[in-house]
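1. Take this sequence and fold it.
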Amino acid sequence: MSKITTINKFRSLESLAKKLRRDLKGVNKRKKTANRKGTTPVSGNDFVLVFAHNGVGKTRLSMEFKDLGKKEEKRDTLYFNAFTEDLFDWDNDLNEDRERKIKFKAQSRFFDGLDGMGIEDLIRPLLHQHADFDFRIDYAAAEIRFHRDVTVAGNRRRLEDIKISRGEENIFIWCFFLSILQLAIEAEKGAPYDWVKYVYIDDPISSLDEHNTIAVAASLGGLLKNENNKLKVVISTHHGLFFNVMFNELTGKRPPEGKDNIRKKAYILHRLNEAQTYTLEDTGESPFLHHVAALDELRAVAKSGKISQYHFNSLRSILEKTAIFFGRQHISTCFEGHANKALYARFLNVRSHAKYSVFESESITSTDKKMFREILNVFLDRYSFRPAVAELATTPVSPRAPA
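-> Numbers count the residues shown, from 1 in each chain. The predicted structure follows:
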């Protein structure tokens with residue numbers, strides 16, 4: 001299989017940020033025919049996904065994107081990146097070592113209008129999918145205290161003002177942001193966060209383990225693709241699994257009615273050597289760059305045995321794309337003539353309809369893993385996908401034209 005890759009070159013992060021805004025807003029494309037001259041509108045996308053390694057400039061790109069909004073209007077972008085995490089600082093009570101708490105920078109517009117919005121009730125159900133502690137927000141003091149209920153010698157007791165781990169802190173801040181995002185999605189005119197038109201999310205899961213990564217991505221995808229969400233969203237990440245799950249989640253039609261198709265662009269971002277010159281490689285909607293890269297991931301998890309529910313879904317998605325490429329409609333056609341053709345298709349149909357879960361690995365049996373490896377190996381033996389796709393996807397090729 002081969003595909004012509006579209007690659008564009010940018011001489012600054014600002015020009016790259018402008019490109020992402022055009023992708024979301026849509027453009028008027030020049031159109032010239034024998035009868036008339038003029039422009040034709042090109043619809044904007046709902047989502048833009050960007051994969052890039054650390055050090056390329058993802059966080060700086062998110063700030064350039066945000067600053068462009070300030071030039072056009074007062075502000076229009078709600079963002080999550082390393083600067084968002086810096087809005088929360090620990091006060092460890094070094095003198096008494098008892099009243100540990102997080103102080104948040106209440107003067108930041110990130111927190112504008114939160115008092116009285118009931119954001120705690122939005123945070124808790126998200127947080128408790130990943131953690132067993134609880135919290136209280138004191139807006140007047142601009143602080144957050146944490147507690148955990150434990151059982152000691154058969155008695156239930158509460159541990160107050162606890163210091164949560166770095167990973168738990170990251171999860172809490174992420175859930176805090178998701179709750180603000182919900183408020184922005186539902187905001188009516190005059191309400192807090194009614195100014196949000198764009199959302200830029202940069203590397204939200206840098207310290208999460210694999211199962212949390214899958215659950216966080218699936219949860220985010222469900223929130224963003226709901227038909228009530230009219231916000232335009234950019235998501236950038238260096239995490240291959242997170243990129244793959246988001247790519248698959250933000251596909252198809254918007255639930256619950258399924259009337260509107262989701263429109264998205266997906267890119268791989270490179271920086272050429274140490275120069276401030278960048279290339280943006282369009283992955284398209286095919287099983288090529290994106291799905292072949294996913295195959296490398298599936299090879300790795302099959303070897304390690306760390307197979308999760310997401311990997312069954314990912315394998316089924318690759319089979320579907322391959323079947324469609326060859327003009328077929330069913331994944332069983334990928335195993336035409338094989339004695340276990342029907343068995344493989346039936347197994348994947350059943351196994352890939354399970355829901356994502358943080359604790360899903362416990363429900364995947366050794367028999368399931370053995371079948372996963374068998375199906376993957378049969379598929380790879382039949383189709384000659386290029387190896388070392390990760391190298392291909394991160395090696396810049398000659399760009400088409402400067403932007």
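2. Kindly state the pLDDT recorded for Arg156?
-> We have a pLDDT of 93 for Arg156.
3. Then the one 5 residues further on?
-> On pLDDT, Asp161 comes in at 93.
4. That one and His147 touch, don't they?
-> Yes. With contact defined as CB atoms under 8 Å, Asp161 reaches His147; the gap is 7.1 Å. (Glycine included, C-beta is placed from N, CA and C.)
5. What is the longest strand seen in the chain packed up against?
-> For the chain, the longest strand by residue count, based on DSSP state E, is strand 143-152. Packing partners of strand 143-152 (3 or more CB pairs under 8 Å, 6 or more residues apart in numbering; DSSP states H and E): strand 101-104, strand 134-138, strand 155-159.
6. Quick one: mean pLDDT for the shortest one?
-> Meaning strand 101-104. Strand 101-104 shows an average pLDDT of 96 in the prediction.
7. Show me which residues of the helix or strand following it are buried.
-> On the C-terminal side of strand 101-104, the closest following helix or strand by DSSP states H and E is helix 119-127. Going by neighbour count (16 or more other CB atoms under 10 Å), the buried part of helix 119-127 is Ile119, Glu120, Leu122, Ile123, Leu126, Leu127.
8. out of those, who's nearest Phe176?
-> In terms of CB to CB, no member of the buried residues of helix 119-127 lies closer to Phe176 than Ile123, at 5.9 Å.
9. contacting residues for the closest one?
-> Residues in contact with Ile123 (CB atoms under 8 Å, 6 or more residues apart in numbering) are Phe135, Phe172, Cys175, Phe176, Leu178, Ser179.
10. Return the subset of these lying in strands.
-> Phe135.
11. Mind picking the two most distant members of the contacts of Ile123?
-> The most widely separated members of these, counting by CB to CB, are Phe135 and Leu178 (14.7 Å).
12. With Val245 as the reference, measure out to Ala323.
-> Using CB to CB, to the nearest Å, Ala323 is found at 21 Å from Val245.
13. Between the two, which is the more surrounded one?
-> Taking other CB atoms under 10 Å, Ala323 and Val245 do not tie; Val245 has more neighbours (25 against 18).
14. How about that one: what's its closest non-neighbour residue?
-> Ala217 (3.8 Å; CB to CB, 6 or more residues apart in numbering).
15. Counting neighbours, what do you get for that neighbour?
-> Neighbour count for Ala217, taken as other CB under 10 Å: 28.
16. State the mean pLDDT of whichever helix or strand it is part of.
-> Assessed by DSSP H and E, Ala217 sits inside helix 210-224. The average pLDDT for helix 210-224 rounds to 83.
17. looking at it, Ala215 is touching Gln129, isn't it?
-> Yes. Taking contacts as CB under 8 Å, Ala215 lies within contact range of Gln129: 6.7 Å.
18. When these two are compared, which one has more neighbours?
-> Under the neighbour definition other CB under 10 Å, Ala215 and Gln129 were set side by side, and Ala215 has more, 24 against 16.
19. separation between that one and Gln309?
-> With distances taken as CB to CB, Ala215 is found 10 Å from Gln309.
20. As a check, name the ranges of all helices in the stretch 251-400 of the chain.
-> 289-304, 309-325, 341-351, 366-382, 389-393 (DSSP state H, counting those that start in this stretch).
21. if you compare those helices, which one is most tucked away?
-> Counting by mean count of other CB atoms under 10 Å, helix 309-325 has the highest mean neighbour count of those, with a mean of 21.
22. Return the distance of the residue lying closest to Gly57 once chain neighbours are set aside relative to Leu272.
-> Once flanking residues are discounted, Gly57 sits nearest to Leu13: 5.8 Å by CB to CB, 6+ apart. Going from Leu13 to Leu272 by CB to CB gives 13 Å.
23. Ok, Arg148 next?
-> Separation of Arg148 from Leu272 (CB to CB): 49 Å.
24. Which one's more surrounded, these two?
-> In this view Arg148 and Leu272 are compared by other CB under 10 Å, and Arg148 has more residues nearby, 15 against 12.
25. So the more buried one versus Arg158, what's the distance?
-> Computed with CB to CB, the distance linking Arg148 and Arg158 is 7 Å.
26. next one: Ser43
-> From Ser43 to Arg158 the distance is 53 Å (CB to CB).
27. if we can go back for a sec, anything in contact with each of Leu13 and Leu272?
-> Tyr278.
28. Now Gly113: closest residue in space that isn't a chain neighbour?
-> Gly113 sits nearest to Pro192 (CB to CB, 6+ apart), 3.0 Å away.
29. That neighbour reaches Gly116, doesn't it?
-> No. Taking contacts as CB under 8 Å, Pro192 lies outside contact range of Gly116: 9.6 Å.
30. neighbour-wise, which of the two wins?
-> Between Pro192 and Gly116, counting by other CB under 10 Å, Pro192 is the more crowded of the two (19 against 8).
31. Now for Asp93: which residues touch it?
-> Contact analysis of Asp93 by CB under 8 Å, 6+ apart lists Glu99, Arg100, Lys101, Asp161.
32. among those, who's most crowded?
-> Within these, most neighbours by other CB under 10 Å means Lys101, with 22 neighbours.
33. ok, what's across the strand from it?
-> Asp91 (DSSP bridges).
34. Ok, Ser236 next?
-> Here Ser236, judged by DSSP bridges, has bridge partners Val50, Asp202.
35. That one against Met63, yeah?
-> No. The pair Ser236 / Met63 is not scored as a contact, 11.7 Å apart, by CB under 8 Å.
36. one step back: among the helices of the stretch 251-400 of the chain, which is nearest Val48?
-> Proximity to Val48 (CB to CB) singles out helix 289-304 among those, at 14.0 Å.
37. So what's the gap between stretch 114-126 and the chain middle?
-> Computed by CA atoms, centre = their mean, to the nearest Å, the chain-centroid distance of stretch 114-126 equals 22 Å.
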